[in-house]
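> dropping a prediction and its sequence here:
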Amino acid sequence: MRDVAVVAFAQSHHAAEDQGIAETEMVLPVITEIKERTGLSRFGFTCSGSCDYLQGAPFAFVSALDTLGAWPPISESHVEMDGAWALYEAWVKLQLGEIDTALVYGFGKSSQGDLRAIMTQQLDPYTLAPLGVDQVSMAAMQARAYLERAGAKEDDLRAVAARSRASGRDNPFALHLPDPEGDDYDVAPLRPYDVAPVTDGAAAIVLAAGDKARELCERPAWITGIDHRTEPHALGVRDLTRSEAARIAGEKAGAAGVEVAELHAQFSHEELILREALGLGDGVTVNPSGGALSANPVMAAGLIRIGEAASRIHDGTASRTLGHAASGPCLQQNLVCVMSGEKNNG
């Protein structure tokens, strides 16, 4: 396998309300920053992740290419998923040995629509979508099942939310939310603070291979393992209290022994399920950035988890980290990316 590393990461200052700017205006500062950090104006490959449903137009992602300077022509691709899966595609492209650098970015502006209604469109079009069941209701069903199976309490969910929000207040890019308060439910057993906030934002990562990575970054975050797995599409045929997809992806990527884990948990109970699935003990620092419960720009939040985990290696505060991304209802699809300050010689 070819040695590939995250050499740069940039993200927007996320917003909870519409700032009166288009997606292209949101992406441009992030792309400009990451070009300045690396000194690169062109990349061997570019891949983005976004959702046309958020923008309400087909092929809406094409407008974001204006931020890149797409002339002369570039090698470009797009996934209708979180930018973490765009990173996976770019990693595969780098493994082919035809390029040495790749730019990956993801963006989403959730404030301009009804996110809960929009996300029903990813459900089975015959059996689930017509019912209008939203992602929060499905998450609440999963949370209730998990609490009963694990013997956990709603106070455990509140503790996750409180820690996440406290960490987020130390993150200049997050929303700086107050401590959890109130007993009213959103959808029982989930209260409003158990649900990731509506967020607009963007993020970008540069991958580089071999000597190019050393040239661009003093301490590259080498990707020692990356894998993604999916659960069955129908919620009724799997155990919602566990995440087999995350467990298998974690095993394949080599999650054991990480010091820091950035988990794409959009609901407080999801962190508890993911901790168990990935075998993360008390000694692992989870979501020091505040995670998705402090800022959740749809289609960029998973990529941000990888970027935040890589940043801990870049700044020398950790030597082995994990970034996780999820897609679909109830942790349906999971991607795990393990990074190290040392190359993988295995």
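That came through fine.

> let me see the contact set for residue 33.
Under the criterion of CB atoms under 8 Å, 6 or more residues apart in numbering, the contact partners of residue 33 comprise 10, 204. C-betas here are computed from N, CA, C, even on glycine.

> now with 10 Å?
Contacts for residue 33 were tallied using CB atoms under 10 Å, 6 or more residues apart in numbering; they are 8-12, 204.

> a markdown table please, covering those and showing pLDDT, neighbour count and secondary structure.
Formatted as a markdown table, the entries for the contacts of residue 33 read as follows, by pLDDT from 0 to 100; neighbours: other CB atoms under 10 Å; DSSP: H, G, I helix; E, B strand; the rest coil:
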| residue | pLDDT | neighbour count | secondary structure |
| --- | --- | --- | --- |
| 8 | 98 | 26 | strand |
| 9 | 98 | 24 | strand |
| 10 | 98 | 22 | strand |
| 11 | 98 | 28 | strand |
| 12 | 98 | 24 | coil |
| 204 | 98 | 30 | strand |
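
> which of those residues sit farthest apart?
8 and 12 (15.0 Å; CB to CB).

> out of the contacts of residue 33, which one sits closest to residue 264?
Residue 264 has its nearest neighbour among those in residue 11, at 14.2 Å by CB to CB.

> which residues touch that closest one?
Applying CB under 10 Å, 6+ apart, one finds that residue 11 lies in contact with 30, 33-34, 105-106, 171-174, 201-205, 289, 295, 297, 300, 303-304, 307-308, 311.

> repeat that with 8 Å
Residue 11 sits next to 30, 173, 201-204, 300, 304, 307 when contact means CB under 8 Å, 6+ apart.

> which members of those occur in strands, if any?
With strands defined by DSSP state E, the entries of the contacts of residue 11 inside them are 201-204.

> may I have the secondary structure class of residue 99?
Per DSSP: H, G, I helix; E, B strand; the rest coil, the local secondary structure of residue 99 is coil.

> and it, how many neighbours does it have?
If you count neighbours by other CB atoms under 10 Å, residue 99 ends up with 17.

> shouldn't residue 37 be in contact with residue 8?
Yes - using CB atoms under 8 Å, residue 37 makes contact with residue 8 at a distance of 4.7 Å.

> between these two, what contacts are shared?
When CB under 8 Å, 6+ apart defines a contact, the residues bordering residue 37 and residue 8 alike are residue 206.

> for stretch 248-257, measure first residue to last.
16 Å (CA to CA, to the nearest Å).

> for it, buried residues please.
Within stretch 248-257, the residues that count as buried by 16 or more other CB atoms under 10 Å are 248-251, 253-255.

> between those residues, which sits nearest residue 118?
Set against residue 118, the nearest of those by CB to CB is residue 249 (26.0 Å).

> quick check: the gap between the closest one and residue 137.
Counting by CB to CB, to the nearest Å, the gap between residue 249 and residue 137 amounts to 26 Å.

> swap in residue 116?
9 Å.

> now residue 152
Spatial separation of residue 152 from residue 137 under the definition CB to CB is 20 Å.

> more neighbours: which of those two?
Neighbours of residue 152 and residue 137, each counted by other CB under 10 Å, are more numerous for residue 137; the result is 17 against 14.

> could you find the closest non-adjacent residue to that one?
Take residue 137 and drop its neighbours on the chain: the residue closest to it by CB to CB, 6 or more residues apart in numbering is residue 187, 5.2 Å away.

> what number of residues lie near that neighbour?
Other residues near residue 187 come to 17 when the count uses other CB under 10 Å.

> kindly report the same for the one 10 residues further on.
A total of 20 residues lie near residue 197 under the criterion other CB under 10 Å.

> mind listing what it touches?
Applying CB under 8 Å, 6+ apart, one finds that residue 197 lies in contact with 16, 175, 177, 293-296.

> if we go to 10 Å?
When the contact criterion is CB under 10 Å, 6+ apart, the partners of residue 197 are 14, 16, 110, 165, 168, 174-175, 177, 266, 292-296.

> helix, strand or coil: sort out it for me.
Assigned by three-state DSSP, the conformation of residue 197 is coil.

> how close does it get to residue 293?
Here the criterion is CB to CB. By it, residue 197 lies 8 Å from residue 293.

> please enumerate the shared neighbours of these two.
Each of 165, 168, 174-175, 177, 266 lies in contact with both residue 197 and residue 293 under the rule CB under 10 Å, 6+ apart.

> residue 117 versus the residue nearest to residue 137, what's the distance?
As judged by CB to CB, residue 187 and residue 117 stand 15 Å apart.

> same thing with residue 33?
Noted for residue 33: a distance of 33 Å to residue 117, by CB to CB.

> what do you get for residue 316?
Counting by CB to CB, the gap from residue 316 to residue 117 is 44 Å.
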